[in-house]
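Colleague: What would the 3D arrangement of this be:
(4 chains)
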Number of protein chains: 2
Amino acid sequence: MIDRKVTSTHVAALAGVSQSAVSRVFTPGAPVAKATEARVRKAAAELGYRPNVLARAMVSGKTRIIGVMMAYLDNQFYPTALEKLSEALQAQGYHVLVFMASNTREDVDGVLQQILDYQVEGIILASVSLSSDVAARCRAVGVPVVLFNRHQDDKTVSSVTSDNRAGGREVARFLAAGGHTRISYIAGWEGASTQRDREAGFCAGLAEADRDLFARAVGGYDNAATKVAAFTLFNKPEDQRPDAVFVANDHMALIVMDILRFELGLDVPGEVSVVGFDDVPGAAWLAYQLTTLRQRANRMVEATVAALLDQIEDPGAAPYAVRVAAPLILRKSARVPAGWPQSNKRDIP
Amino acid sequence: MIDRKVTSTHVAALAGVSQSAVSRVFTPGAPVAKATEARVRKAAAELGYRPNVLARAMVSGKTRIIGVMMAYLDNQFYPTALEKLSEALQAQGYHVLVFMASNTREDVDGVLQQILDYQVEGIILASVSLSSDVAARCRAVGVPVVLFNRHQDDKTVSSVTSDNRAGGREVARFLAAGGHTRISYIAGWEGASTQRDREAGFCAGLAEADRDLFARAVGGYDNAATKVAAFTLFNKPEDQRPDAVFVANDHMALIVMDILRFELGLDVPGEVSVVGFDDVPGAAWLAYQLTTLRQRANRMVEATVAALLDQIEDPGAAPYAVRVAAPLILRKSARVPAGWPQSNKRDIP
DNA sequence: CAGGCCATTGCATACGTATGCATCCACGGA
DNA sequence: TCCGTGGATGCATACGTATGCAATGGCCTG
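Modeller: Model (predicted):
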């Protein structure tokens, strides 16, 4: 409570130099004599001085703050991603201002405004879409945006996703090759590109294998809705219920497995094969052993950070979309077709 | 890319008033004539003007930023808490700057310095302890700190935890009353107050019930270590292995359940009762049905935000410690003693 | 009608730092 | 010895906003 704020002026006084000199000591590349630097650093240490990032930002225009907006934090994939994002950005000298969003459009836009108020240098939108006018607004003030795990045909924002279409397609091939005859799908939130792309790829894959989609229900990436979806699909006599289901993400897939086994008494994978998407930590737990498509979070984060920095460093750079391949991880929740290549990739994200 | 930054001066020019007038329009409580306000707002809307939070912070000293440091994001309790914290603070007009920390002391201190560089108005440390000199430093610059889910005898920082001692004690009574004869404990990271308090309470409770601790191992809140702990404790003939185990948190407890059931082929709760601490989402999943002590995240968050705001608003206010009661949630992973009061609390956090 | 009071507004300055420009000094070459 | 050169430093200002103070105007009261 004693010294409150110590500024460069205080340090300057103690070191017997000008405030400019102090500033230069803390500005890499600025010209300072060794002797001066030593005196300033000594004085700074004595007073416990550290440059005020905000004041620095005012004049330089560089806040070193990245705004991150997230939703669905109960889906284990996102906390994991947030952690990695934060660490990767810290390593680059940036810091993360976090905003939680619900999924209503107006909320997203409002929150985005608030983010911009902090003069962030870039924005990462995880599992969130943005209206085109807000995208325009970000572009107007020169703040690059990159979508994480979501894609938009808007050419003005970069995006990083898994190759959801290819993933969905592979699941279809996998289930068809496994000899399943009543293959179904539980959809995520229909507004999400992950949902759309995974389903589109899945249906395309089924068509290629000459199969029809047996049944479909919507879980909406929501706990309660997913339970309902599982019941409506499976609470039926054997020949009327699916013998395989692709669930749009692991978070829902785990719920579905619980319902199948403990509410409906069905054997997985004996009576029903279940495949998810994400490879969240829970998917590997022994109680589930969920066969799923892995989102390579590390690579996605790397790509996201790279895309963002590209555009921060060169504001003229064109946005681009990255798609990371999503390998199928074979575990025990789905019957494996005879002769299906055992992935001998090491079980590391 | 056209207009880059639009400032209050631009708006003032367009509205034909002084920059001060614009500032006052955006400062609640400042005196402005209705007509002036209308003109200014119109001009602002036209230009898409929004006040620069950083510049505002420079003069007012109020950044409305709260620094949050977290670790263990793979433990579902923390993402949940982060989400609630962020939302609660947003509701109060604050925003959250997130920092990830490993558990090495030096790292924490370094990161804390960085947080302070952003002129945050308060700091929340979740599952992280801080050295007393850094605590002193925060006090010196007048930034209140509150520990979330961690306690320190340092009188200069507030803390919010569950009543871990009482919780541990109740588990001991519960397991003793259940007729278990070989009661054991799997510890968390020994540097954490949660670990110490839960174990202390547990041992006290056992003593009161005239029981000894049958065995103890350390999981350290770490996946791999927890697996090893489970094996060393349970990979033995029946009479040499525990018939009940209290695990210091749910994250480890779920891992232990997996090992018991799927690696060692033991029945839970038939052969072993398992009790955890936290009540993470996974604890309620049908595959686990973990009996556990609930950390009331909502209340903890409320208390944390309240404690922080108290001290921000009145810098002279004394720090204080809050302990939130942790009710035992009965599910299916532990034998329930005959006559044990069935909690009929609704199953809501 | 005069005086006074209040509401409203503009002016000037401050917040803490970075940086262009001018100044100063030392040193080296002619 | 003198001048040129370049490195180091100080001075002054700018970044965008908030706010104390003084000045203005209108309106109410006596």
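
Colleague: how about the spatially closest residue to A:Ala244 that is not a sequence neighbour, what does it touch?
Modeller: Once flanking residues are discounted, A:Ala244 sits nearest to A:His180: 3.8 Å by CB to CB, 6 or more residues apart in numbering or on different chains. Using the backbone N, CA and C atoms, a C-beta is placed for each residue, glycine as well. Shown in contact with A:His180 (CB atoms under 8 Å, 6 or more residues apart in numbering or on different chains): A:243-244, A:273, A:335.

Colleague: Count the residues that sit near the residue nearest to A:Ser273 when sequence neighbours are not counted.
Modeller: Closest residue in space to A:Ser273, ignoring its immediate chain neighbours: A:Ala334 at 3.7 Å, by CB to CB, 6+ apart. Neighbourhood size, A:Ala334 [other CB atoms under 10 Å in any protein chain shown]: 27.

Colleague: quick one: A:Ala334 and A:Ala244 touch, right?
Modeller: Yes - using CB atoms under 8 Å, A:Ala334 is in contact with A:Ala244, at 7.1 Å.

Colleague: Adding secondary structure and neighbour count, write the contacts of A:His180 out as TSV.
Modeller: Formatted as TSV, these follow (DSSP: H, G, I helix; E, B strand; the rest coil; neighbours: other CB atoms under 10 Å in any protein chain shown):
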residue	secondary structure	neighbour count
A:Asp243	coil	22
A:Ala244	strand	25
A:Ser273	strand	23
A:Arg335	coil	21
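
Colleague: Going by proximity to chain B, name the top residue of the stretch 1-150 of chain A.
Modeller: Relative to chain B, the nearest point of the stretch 1-150 of chain A is A:Pro79 (3.6 Å; CB to the nearest CB).

Colleague: DNA strand D versus that residue, what's the distance?
Modeller: 34 Å (CB to the nearest atom of the strand, to the nearest Å).

Colleague: can you tell me which residues contact the residue lying closest to that residue once chain neighbours are set aside?
Modeller: Spatially, and ignoring its direct neighbours in sequence, A:Pro79 is nearest to B:Pro79 (3.6 Å; CB to CB, 6+ apart). When contacts are counted by CB under 8 Å, 6+ apart, B:Pro79 is found next to A:73-74, A:76, A:78-79, A:82, B:73.

Colleague: What strand or helix carries B:Pro79?
Modeller: Assigned by DSSP states H and E, B:Pro79 belongs to helix B:77-91.

Colleague: angle of that helix against helix A:77-91?
Modeller: If you take axes from the mean of the first three to the mean of the last three CA atoms, to 10 degrees, helix B:77-91 sits at 70 degrees to helix A:77-91.

Colleague: Do me a favour and average the pLDDT over helix B:77-91.
Modeller: Across helix B:77-91, pLDDT averages out at 93.

Colleague: Figure out how far the following helix or strand past that helix is from the centre of its chain.
Modeller: The helix or strand immediately downstream of helix B:77-91 is strand B:95-100, counting by DSSP H and E. Distance of strand B:95-100 from its chain centroid, counting by CA atoms, centre = their mean, to the nearest Å, is 13 Å.

Colleague: One more: stretch A:210-222?
Modeller: The mean C-alpha position of stretch A:210-222 is separated from the chain mean by 24 Å, CA atoms, centre = their mean.

Colleague: Look at the residue nearest to A:Ser273 and give its secondary structure.
Modeller: The local conformation at A:Ala334, judged by DSSP: H, G, I helix; E, B strand; the rest coil, is coil.

Colleague: Show the contacting residues for it.
Modeller: Residues near A:Ala334 by CB under 8 Å, 6+ apart: A:174-175, A:178, A:244, A:269, A:273-275, A:291.
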